[in-house]
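Visitor: Take this sequence and fold it.
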Amino acid sequence: MKTEMNTNKNIIRNNYIYTSYECIINSLICLSIIFLLSLLPINNHQLNHLTCSANEKSGGYMNYKIIYTEGSTIECHKIDKNTLEEMVTDIIIRSNDYIKTVEDASEIKIADKKHKIYIKFIKLGNRIIILNVQEQVICTG
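Guide: Reported below is the predicted structural model:
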């Protein structure tokens, strides 16, 4: 009877060891797959496509990603945030030729007569960081 119990205990122990071995092998396979996927480069064309598809709502083509700083739209109370972001995107698309000529890390200010909006932002590479947006600005000149 003790021999039979010993045999059963050995079978249970072997099952635990085999299961642990399988789990270790599976985790190593998953980690190696994740490592290989992290080595693959992300195609810059795909990133531009994602940025442009988000900004194509306005009907133009733009190769900038717009980032709003916290509190950049705090002075805009009358316009809905989504509408305001569409207006800002439209203004930036229409000013794309001018923005291309400005050096990186330069502060750019645009007063738009069409939407009566004043925008202050910084261009960093393919990103535009919106610092301040003001509504109901009267443009003269």
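Visitor: Help me confirm that residue 133 is found in a strand?
Guide: Yes - assessed by DSSP: H, G, I helix; E, B strand; the rest coil, residue 133 belongs to a strand.
Visitor: ok, now which ones touch the closest residue to it other than its chain neighbours?
Guide: Once flanking residues are discounted, residue 133 sits nearest to residue 73: 5.0 Å by CB to CB, 6 or more residues apart in numbering. For every residue, glycine as well, the C-beta is placed using N, CA and C. Applying CB atoms under 8 Å, 6 or more residues apart in numbering, we find residue 73 in contact with 81, 84, 130, 133.
Visitor: isn't there a strand covering residue 73?
Guide: No - Residue 73 is assigned coil when assessed by three-state DSSP, not a strand.
Visitor: 838 is where my numbering starts, stick with that
Guide: With the count now opening at 838, the last piece we talked about shows up as residue 910.
Visitor: pLDDT wise, what is it at?
Guide: In this prediction, residue 910 carries a pLDDT score of 75.
Visitor: cool, and the one 10 residues further on?
Guide: pLDDT, the model's per-residue confidence, is 83 for residue 920.
Visitor: Can you mark which positions in the helix or strand hosting it are buried?
Guide: Using DSSP states H and E, residue 920 sits within helix 918-931. For helix 918-931, burial by neighbour count (16 or more other CB atoms under 10 Å) applies to 921-930.
Visitor: rewinding a little: the residue nearest to residue 970 and residue 849, how far apart?
Guide: Computed as CB to CB, to the nearest Å, the residue 910 to residue 849 distance reads 65 Å.
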